[in-house]
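S.K.: Build me a model:
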Amino acid sequence: MLNIQVLMQRVPDAALRDRVREATVFMPLSPAGDTRTWEDRRVDRMYLCADAIAALGAYLRVESTPARVGRVEAIRALWPFPDIGSDRETIFWEAED
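M.R.: Numbers count the residues shown, from 1 in each chain. Next up is the predicted model:
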């Protein structure tokens, strides 16, 4: 996830950087009090990944950024941090061994 966040710094589109950073932050983590099952969290990670890929693909094709699907909006709503995706809120995540 850190590699993606670092590589995204080369992208001049701030909104795209925010969107991909937000997805990479939410993929490995769970908010406090998360009641989703492991399987639900796994599926949610796939939705976040697909959202980031769709946004990157649209950018590369010089198309409008697609709207987030409802499931991604629901995942985002689990988190109480409104600007977690912004350049001001870069978060580094390291897997536990």
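S.K.: any idea where the helices of this protein begin and end?
M.R.: Secondary structure of the chain (DSSP state H): helices at 2-7, 14-26, 38-60, 70-77.
S.K.: now the angle from the longest one to helix 70-77?
M.R.: So the one you mean is helix 38-60. Using axes from the mean of the first three to the mean of the last three CA atoms, to 10 degrees, the inter-axis angle of helix 38-60 relative to helix 70-77 is 110 degrees.
S.K.: what's helix 38-60 packed up against?
M.R.: helix 14-26, helix 70-77 (3 or more CB pairs under 8 Å, 6 or more residues apart in numbering; DSSP states H and E). For glycine as for every other residue, the C-beta is placed from the backbone atoms N, C-alpha and C.
S.K.: Buried residues, it. List them.
M.R.: Buried residues in helix 38-60, counted by 16 or more other CB atoms under 10 Å: Arg41, Asp44, Tyr47, Leu48, Asp51, Ala52, Ala54, Ala55, Leu56, Tyr59.
S.K.: repeat for the second one
M.R.: Along helix 14-26, the positions that meet the burial threshold by neighbour count (16+ other CB under 10 Å) are Leu16, Arg17, Asp18, Arg19, Val20, Arg21, Glu22, Ala23, Thr24, Val25, Phe26.
S.K.: what residues are up against the residue most central in space within the chain?
M.R.: Geometric centre of the chain, nearest residue: Ala23, 0.6 Å, by CA atoms, centre = their mean. Applying CB atoms under 8 Å, 6 or more residues apart in numbering to Ala23 gives the contacts Leu48, Cys49, Asp51, Ala52.
S.K.: was I right about Ser64 contacting Ala54?
M.R.: No: at 11.2 Å, Ser64 and Ala54 do not qualify as touching, with contact defined as CB atoms under 8 Å.
S.K.: And stretch 5-17, how far out from the chain middle?
M.R.: On the basis of CA atoms, centre = their mean, to the nearest Å, stretch 5-17 sits 12 Å off its chain's mean C-alpha point.
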